[in-house]
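Visitor: please find the sequence and the predicted model below.
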Amino acid sequence: MLRFFILLGSFVLVIQSCVSVQVDKIDSADGFDWETLKRDLIVMTPLLDLRGDVTRPPGYDVDVLPFSQKQSIAFAEIFKQQFFKLRKDIRVFGAGGAFESIAKIPNLEEISRKVLAKEKLSLSEQRLLNRARQDKRFIFFFNFVEERLHFEYSLEEPVDANGLYVEKNYDAKRTMVLKLALWDTKDAKTVFISEKVLEPIIRNKILVRTGLSPLAVKGGRGQYDSAREPDVYDRMGGENLENELRFHKGRFPTAFPGREPDFTGSFDDFVLALPIKKSEQNLIEYEYFTFHRPELTLRNSELGSGAMSTGFLGTSSIIYNRFRLGLGVEFGGAADSVKHDGKDYEISKFCFCLTTDLEWELTDYIRVLTGSYLGAGNFGIAEKKDEQIFEDTSEGKSETSDGFWYAAPRVRFVFGNKEGFQFGLGAYKQFHAGLVEPQITQNKPGSWGAEISLMATFRGF
């Protein structure tokens, strides 16, 4: 059981270290860093369509139509919102007077091509940008530079140990390339370019029999019965995309994947690809794995006709702003001894627990958690002997234990600021599985309990 929790803790750390995202290419000017961005403001352009001629199969023209002007402006607002969410260290404007003025520049797409190519802008082009930017030093040129719709084919051979069938993959892929260029008005040059390649795909996977009889091989038939009989073109061999489009056009998907959700989903990659200070990077990571909360919780339920009081010492963290995952130990015992066959027994409890909750923010000072304790532990059972004055009774105790699996769905209210000291009140319904000792089964733990907690929540380490 201890090994389980060690592995779980390692898993949580992996989650924390794997939330960063990436673009496919970065070109940054020498000396350009986070400190430069930190001091000044940035204004965006609408999404600029620099695709030129788009490659696509006949009949798919409607799938590659340009975005409308309304959509292009909306993308800038979406980008700004993602920037505000993920980067508190840099201010970006995707709306407002400067944005509207830049959007009205008639040759903005041609200027953006020069910015991407790191060409020097003419004095007239610089004046246009300087009049529009309203003292904001940097301008983001956000560009849709390439789009292709194309079919692909691949053969995986063999896919089963006996060679009874092969897997043929017929793909419809949309390739899109986005580029973000940052132009510095102070030095009149391009200081940063990032590129993201998006390749959403729809795949038809088809199993085709090789012609080998399953009676001639040892072992199972696998997916032989559901595989197709090879047609004359399959038997010809020499598989390639050209032949497959000629002979097996019907095996390819009839539609290509849409631009979304990959298109707007890439905005996070661009946001996080910009230069960032290590301390700020930690804060961004904590947007995903954050608000760590050590706690001490006092829990009270029943055992037989008496009370069972325990403490829970643990810690938890929020993942993706909603899911709270934690670990801890519960320990304590019955307030009074329990009876069985005319004897008195002292009962103690110890449990390793995983806590899983959804955390809902009702107000700035009140949150509610809905979730469960999950774990395993044991009840310690020690017989009480009659006490004699001046007699050492420690050697007269008979001890045993009773292991169990544990689950306790709960609802808990947490009061206090989002960070800092807090207290909580909650109720839970508990289940113990695997109990066998009669001292416990005949004085079974109560189904319901209440708890009160003291805790402190902090963001980052």
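Guide: Here it is on my side, so go on. Residues are numbered from 1 along each chain as shown.
Visitor: so what secondary structure elements neighbour the longest helix anywhere in the chain?
Guide: Counting residues, the longest helix in the chain under DSSP state H turns out to be helix 69-86. In terms of contacts (3 or more CB pairs under 8 Å, 6 or more residues apart in numbering; DSSP states H and E), helix 69-86 is packed against strand 42-44, strand 92-93, strand 138-156, helix 267-273. For the C-beta atoms, the positions are set from N, CA and C on the backbone; glycine is no exception.
Visitor: residue 117 is nearest to which of these?
Guide: strand 138-156 (11.3 Å; CB to CB).
Visitor: any chance of the helices and strands packed on helix 69-86 in TSV, plus distance to residue 253 and mean pLDDT?
Guide: Putting those into TSV (distance: least, CB to CB, whole Å; pLDDT from 0 to 100) gives the following:
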stretch	distance to residue 253	mean pLDDT
strand 42-44	35	92
strand 92-93	38	87
strand 138-156	8	94
helix 267-273	26	89
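Visitor: so which of these is the most packed in?
Guide: strand 42-44 (a mean of 25; mean count of other CB atoms under 10 Å).
Visitor: quick one: contacts of that one?
Guide: 76, 79-80, 90-94, 98-99, 102, 133-134, 136-140, 142, 182 (CB atoms under 8 Å, 6 or more residues apart in numbering).
Visitor: one more time with 7 Å
Guide: 76, 79-80, 90-94, 98-99, 102, 133, 136, 138-140, 142 (CB atoms under 7 Å, 6 or more residues apart in numbering).
Visitor: ok, which stretches of this protein are helices?
Guide: 2-17, 34-39, 69-86, 97-103, 108-116, 123-132, 232-236, 241-247, 262-265, 267-273, 278-285, 438-441.
Visitor: want to throw the ones you listed into TSV with distance to residue 146?
Guide: As requested, the helices of the chain are exported to TSV (distance: least, CB to CB, whole Å):
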stretch	distance to residue 146
helix 2-17	33
helix 34-39	27
helix 69-86	16
helix 97-103	22
helix 108-116	12
helix 123-132	24
helix 232-236	33
helix 241-247	20
helix 262-265	13
helix 267-273	16
helix 278-285	29
helix 438-441	69
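Visitor: comparing the ones you listed by mean pLDDT, which bottoms out?
Guide: Of all the helices of the chain, the segment with the smallest mean pLDDT is helix 2-17, scoring a mean of 39.
Visitor: could you redo the helices and strands packed on helix 69-86 as JSON lines and give each row distance to residue 112?
Guide: Below are the helices and strands packed on helix 69-86 laid out as JSON lines (distance: least, CB to CB, whole Å):
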{"stretch": "strand 42-44", "distance to residue 112": "12"}
{"stretch": "strand 92-93", "distance to residue 112": "17"}
{"stretch": "strand 138-156", "distance to residue 112": "4"}
{"stretch": "helix 267-273", "distance to residue 112": "15"}
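Visitor: tell me which of those lies nearest to residue 373.
Guide: When these are compared by CB to CB, helix 267-273 sits nearest residue 373, at 33.9 Å.
Visitor: from the contact counts, what lies against that closest one?
Guide: helix 69-86, strand 189-198 (3 or more CB pairs under 7 Å, 6 or more residues apart in numbering; DSSP states H and E).
Visitor: how about a cut-off of 10 Å?
Guide: strand 25-28, helix 69-86, strand 138-156, strand 165-184, strand 189-198, helix 278-285 (3 or more CB pairs under 10 Å, 6 or more residues apart in numbering; DSSP states H and E).
Visitor: out of those, which is closest to residue 223?
Guide: Nearest to residue 223, of all the helices and strands packed on helix 267-273, is strand 165-184, at 6.7 Å by CB to CB.
Visitor: the closest one vs strand 138-156, what angle?
Guide: Taking axes from the mean of the first three to the mean of the last three CA atoms, to 10 degrees, strand 165-184 and strand 138-156 form an angle of 170 degrees between their directions.
Visitor: buried ones in strand 165-184?
Guide: 165-168, 170-174, 176-184 (16 or more other CB atoms under 10 Å).
Visitor: with just CA atoms, put it into CSV.
Guide: Listed next in CSV are the C-alpha coordinates belonging to strand 165-184 (Å, rounded to 0.1, in the frame of the first residue of the first chain):
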residue,chain,number,x,y,z
TYR,A,165,-3.9,-9.9,-42.2
VAL,A,166,-2.3,-6.4,-42.7
GLU,A,167,-3.5,-3.0,-41.7
LYS,A,168,-4.0,-0.3,-44.3
ASN,A,169,-4.5,3.3,-43.2
TYR,A,170,-6.4,5.8,-45.4
ASP,A,171,-6.0,9.3,-44.1
ALA,A,172,-7.6,12.7,-44.9
LYS,A,173,-5.3,15.4,-43.4
ARG,A,174,-5.6,19.1,-43.1
THR,A,175,-2.2,20.9,-42.6
MET,A,176,-2.2,24.4,-41.3
VAL,A,177,0.7,26.7,-40.5
LEU,A,178,0.4,29.7,-38.2
LYS,A,179,3.1,32.3,-37.6
LEU,A,180,3.3,35.0,-35.0
ALA,A,181,5.8,37.8,-35.5
LEU,A,182,6.6,40.5,-33.0
TRP,A,183,7.8,43.8,-34.4
ASP,A,184,9.6,46.3,-32.3
